[in-house]
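Engineer: With the sequence up front, the predicted model follows.
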Amino acid sequence: MERTILRRRALAACTATVAVGVLALAGLTGSASADPAPHLPTPTVAGAEQLSPGLLKAMRRDLGLTASEARDRIGNESRAAAVAAGLRHSLGADFAGARVSGDDAALTVATTDAADTARIRRAGARPVVVEHSLAELDAAKAALDRVALRRAPEDIPAWYVDVATNRVVVEAARASAADAFLAAADVPHGVVTVNRSAEQPRTFTDLRGGDAYYMNGSGRCSIGFPVKRGSGQSGFVSAGHCGTPGVSTSGYNQQAQGSFQGSTFPGRDYSWVATNTNWTPRALVNGYGNGDVTVTGSTEALEGSSVCRSGSTTGWHCGTVQQRNTSVTYQEGTVSGVTRTNVCAEPGDSGGSFISGSQAQGVTSGGSGNCSQGGTTYFQPVNPALQAYGLTLVTSGTPTDPPTDPTDPPTDPGGSWAAGTTYAAGDVVTYGSGSYRCLQAHLAQPGWTPPNVPALWQQL
């Protein structure tokens, strides 16, 4: 399979298979800090009435959770994140990572010092004593990243710190490729697990999170999250591979929208677009016919937490956070600092919203597989993007003006076209008195009527 950026007019995703390789060994200990943890308030969690039907429906389909179980899990994950942040501070150099597991989001915290276990239990978490601190593993991965920034490694699709196994995991098509990569970075095999992998990540290119937008009137991506810069300028964050500074954008309805002000790719995969005054930023993620999701903040979810994605091709899909601080190799180069998930995505979903409960997590970068057979998707965390460009996330507490986005036509002219339907390239529909052929596979949303979206439909 070819590792590519799925941008512009790409219509389908590839599938990937993964086989697990051999585990390596190592060892090192650190010392704990006696400083007490600071007071860390529990992050805001959307109440039962705030979780959209679309998000709950996707969690039921992809995670097998009832609405009640999904609400409980999101609340438990948020509380676990607050406890883990406090323990990270109090354990200091001994801290070796935290993760949640199960529908009840049971918290496990790792340390390199057995003397810390009582403190971890008192905080309500399960302690695990391991050989390597998180700082040690992060340093080894950083060394690999430096090599990759000079030249993207061949046959190495991804590498990341895996808290669960207390190792840096390198996925490789060939063992010799992994050996060469480790040698170039001077990283010992003792801290690394090498997994044999045929994964071939690529980006999913094709003001509300998850909405479609177009670059220079052709390529399509998805909005990550609406943002503000300073007191007046509105816009949104998205994937860096979607466009470079100066590239103009139009909205889902092909009306003029704005232009890219900043973009980083490869290395990282984030960008921001400044929009004109016709577009008002909303603290929402598109629910694709099932109720929009309100964004209340951007607290980072722990590994193992549930996470859902909204994109303009496939709508809502959910899964779990697998590993943060991952590096992935695309044809265009290596991107570091992304988060690995088992959520599926397809072309056109790039840049779209990843959210856990009501907390913004990041923007879709790329991956492998598709939403028919499943796959792996990486997202660029949103907080580094906000910091890089001096942006403020629009949340439910951010004052905004009433929306001025174009509205749907007031009457239904009839025909077979319907919002919420997935169309494949070549499909023919009727709308009013005309017939139209689909040019790009997509999930139709209100306002994407065939006469109004010539990039998606050709009149016959």
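Structural biologist: On my side now, so go ahead. Bear in mind the structure is a predicted one, so any value in this text is a computation, not a measurement.
Engineer: pLDDT weak spots in the stretch 51-200 of the chain?
Structural biologist: Scanning the stretch 51-200 of the chain for pLDDT under 70 picks out nothing.
Engineer: how about the helices of it, start to end?
Structural biologist: 53-63, 67-91, 117-122, 134-150, 175-185 (DSSP state H, counting those that start in this stretch).
Engineer: which parts of the first one are buried?
Structural biologist: By neighbour count, and taking 16 or more other Cβ atoms under 10 Å as the criterion, the buried residues in helix 53-63 are Gly54, Leu55, Leu56, Lys57, Ala58, Met59, Asp62, Leu63. C-betas here are computed from N, CA, C, even on glycine.
Engineer: contacting residues for the closest residue to the first one other than its chain neighbours?
Structural biologist: Excluding its sequence neighbours, the residue lying closest to Gly54 (Cβ to Cβ, 6 or more residues apart in numbering) is Asn290, at 2.9 Å. Contacts of Asn290 were listed using Cβ atoms under 8 Å, 6 or more residues apart in numbering, and they are Ser52, Pro53, Gly54, Leu55, Lys57, Trp316.
Engineer: centroid residue for the chain?
Structural biologist: Here the mean C-alpha position of the chain is nearest to the C-alpha of Phe379 (Cα atoms, centre = their mean), at a distance of 2.9 Å.
Engineer: how big is the angle separating the helix or strand hosting that one from helix 53-63?
Structural biologist: Using DSSP states H and E, Phe379 sits within strand 374-381. Here the directions of strand 374-381 and helix 53-63 differ by 130 degrees (axes from the mean of the first three to the mean of the last three Cα atoms, to 10 degrees).
Engineer: Show me the one of the helices of the stretch 51-200 of the chain that comes nearest Pro201.
Structural biologist: Smallest distance to Pro201 across the helices of the stretch 51-200 of the chain (Cβ to Cβ): 13.4 Å, for helix 134-150.
Engineer: and the closest one, what does it pack onto?
Structural biologist: Counting contacts by 3 or more Cβ pairs under 8 Å, 6 or more residues apart in numbering; DSSP states H and E, helix 134-150 packs against strand 95-101, strand 158-162, strand 167-172, helix 175-185, strand 315-330, strand 333-341.
Engineer: And for the residue nearest to the centre of the chain, nearest residue in space, chain neighbours not counted?
Structural biologist: Phe379's closest residue in space is Gly362 (Cβ to Cβ, 6+ apart), at 3.7 Å.
Engineer: Count residues in the vicinity of that neighbour, would you?
Structural biologist: 34 (other Cβ atoms under 10 Å).
Engineer: Name the helix or strand for it, please.
Structural biologist: Short version, using DSSP H and E: Gly362 is in strand 359-370.
Engineer: surely Val191 meets Asp138?
Structural biologist: No: between Val191 and Asp138 there is no contact under Cβ atoms under 8 Å: 10.8 Å.
Engineer: Mind giving me the packing neighbours of the host helix or strand of Cys308?
Structural biologist: Following DSSP H and E, one finds Cys308 within strand 306-311. Applying 3+ Cβ pairs under 8 Å, 6+ apart, one finds that strand 306-311 contacts helix 53-63, helix 67-91, strand 315-330, strand 353-356, strand 359-370.
Engineer: tilt between the first one and strand 306-311?
Structural biologist: To tie it back to what came earlier, the one meant is helix 53-63. Going by the same axes, to 10 degrees, helix 53-63 makes 120 degrees with strand 306-311.
Engineer: With the third one instead?
Structural biologist: Between strand 315-330 and strand 306-311, the angle formed by their directions is 90 degrees, by the same axes, to 10 degrees.
Engineer: List the strands paired with strand 315-330, with their directions.
Structural biologist: Each strand paired with strand 315-330, and its direction, by DSSP bridges: strand 158-162 (antiparallel), strand 306-311 (antiparallel), strand 333-341 (antiparallel).
Engineer: Pick the most deeply packed of those strands.
Structural biologist: Mean neighbours per residue, mean count of other Cβ atoms under 10 Å, is largest over the strands paired with strand 315-330 for strand 306-311, with a mean of 30.
Engineer: Grab the CA positions of that strand and hand them over as PDB.
Structural biologist: Provided in PDB are the C-alpha atoms of strand 306-311 (Å, rounded to 0.1, in the frame of the first residue of the first chain):
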ATOM      1  CA  SER A 306     -12.700   7.300  24.900                       C
ATOM      2  CA  VAL A 307     -12.400   9.800  22.100                       C
ATOM      3  CA  CYS A 308     -14.700  10.600  19.100                       C
ATOM      4  CA  ARG A 309     -14.000  12.300  15.800                       C
ATOM      5  CA  SER A 310     -16.200  14.400  13.500                       C
ATOM      6  CA  GLY A 311     -15.300  14.800   9.800                       C
END
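Engineer: so what's the closest residue to Ala114 other than its chain neighbours up against?
Structural biologist: Excluding the flanking residues, the one nearest Ala114 by Cβ to Cβ, 6+ apart is Val129, at 5.0 Å. Counting by Cβ under 8 Å, 6+ apart, Val129 touches Ala110, Thr111, Thr112, Asp113, Ala114, Thr117.
Engineer: Which one of Val191 and Asp138 is surrounded by more residues?
Structural biologist: Val191 (23 against 15).
Engineer: follow-up on the earlier one: kindly provide the distance from the residue nearest to Ala114 to Ala67.
Structural biologist: Remark: distance between Val129 and Ala67 (Cβ to Cβ, to the nearest Å) = 38 Å.
Engineer: ok, back up a step: the strand holding Cys308 - what's its average pLDDT?
Structural biologist: Mean per-residue pLDDT for strand 306-311: 95.
Engineer: That one relative to strand 95-101, how many degrees between them?
Structural biologist: 80 degrees.
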